[in-house]
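Asker: I'd like to go over a predicted model; first the sequence, then the structure.
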Amino acid sequence: MKYLSAKKVLPDALVKELQNYVQGGYLYVPVEQEQQKRWGEISGYREELRLRNRQIKQEYQEGVSMECLSERYGLSFYTIRKIIYQK
């Protein structure tokens, strides 16, 4: 998250009103609930993990052991097991 100057993005009247409450500090303006993104959606990491997990499941169905998958993907045996059995 980067900081913006209120004077650059808000009308002067609104800046003056905000100064009645906060001066020289930082003010966080949250995203509206309808516009919030889930973790990893903006960066694409969520999709990357979904594809990786699908690959792990496919390899397991083709006969690759959980131990081998654990080493191949650098994940614990229990994480591999969780991925394989998750719906």
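Answerer: Received, thanks. Numbers count the residues shown, from 1 in each chain.
Asker: what's in contact with the longest helix seen in the chain?
Answerer: The longest helix of the chain (DSSP state H) is helix 45-61. Helix 45-61 is contacted from outside by 38, 39, 40, 66, 69, 73, 80, 83, 84, 86, using CB atoms under 8 Å, 6 or more residues apart in numbering. (Each C-beta comes from the backbone N, C-alpha and C, glycine too.)
Asker: PyMOL command for the buried members of the residues you listed?
Answerer: Per 16 or more other CB atoms under 10 Å, the buried members of the contacts of helix 45-61 correspond to this PyMOL selection:
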select buried, resi 66+69+73+80+83
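Asker: in CSV: the contacts of helix 45-61, plus pLDDT, secondary structure and distance to residue 59.
Answerer: Listed next are the contacts of helix 45-61 as CSV, based on pLDDT from 0 to 100; DSSP: H, G, I helix; E, B strand; the rest coil; distance: CB to CB, whole Å:
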residue, pLDDT, secondary structure, distance to residue 59
38, 75, coil, 27
39, 75, coil, 26
40, 78, coil, 23
66, 97, helix, 10
69, 98, helix, 6
73, 97, helix, 9
80, 98, helix, 10
83, 97, helix, 11
84, 96, helix, 10
86, 91, coil, 15
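Asker: ok, which pair from the contacts of helix 45-61 is furthest apart?
Answerer: Maximum pairwise distance in the contacts of helix 45-61, criterion CB to CB, is 28.0 Å, between 38 and 66.
Asker: in JSON lines: the contacts of helix 45-61, plus distance to residue 52.
Answerer: Formatted as JSON lines, the contacts of helix 45-61 follow (distance: CB to CB, whole Å):
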{"residue": "38", "distance to residue 52": "17"}
{"residue": "39", "distance to residue 52": "16"}
{"residue": "40", "distance to residue 52": "12"}
{"residue": "66", "distance to residue 52": "15"}
{"residue": "69", "distance to residue 52": "11"}
{"residue": "73", "distance to residue 52": "7"}
{"residue": "80", "distance to residue 52": "11"}
{"residue": "83", "distance to residue 52": "8"}
{"residue": "84", "distance to residue 52": "13"}
{"residue": "86", "distance to residue 52": "13"}
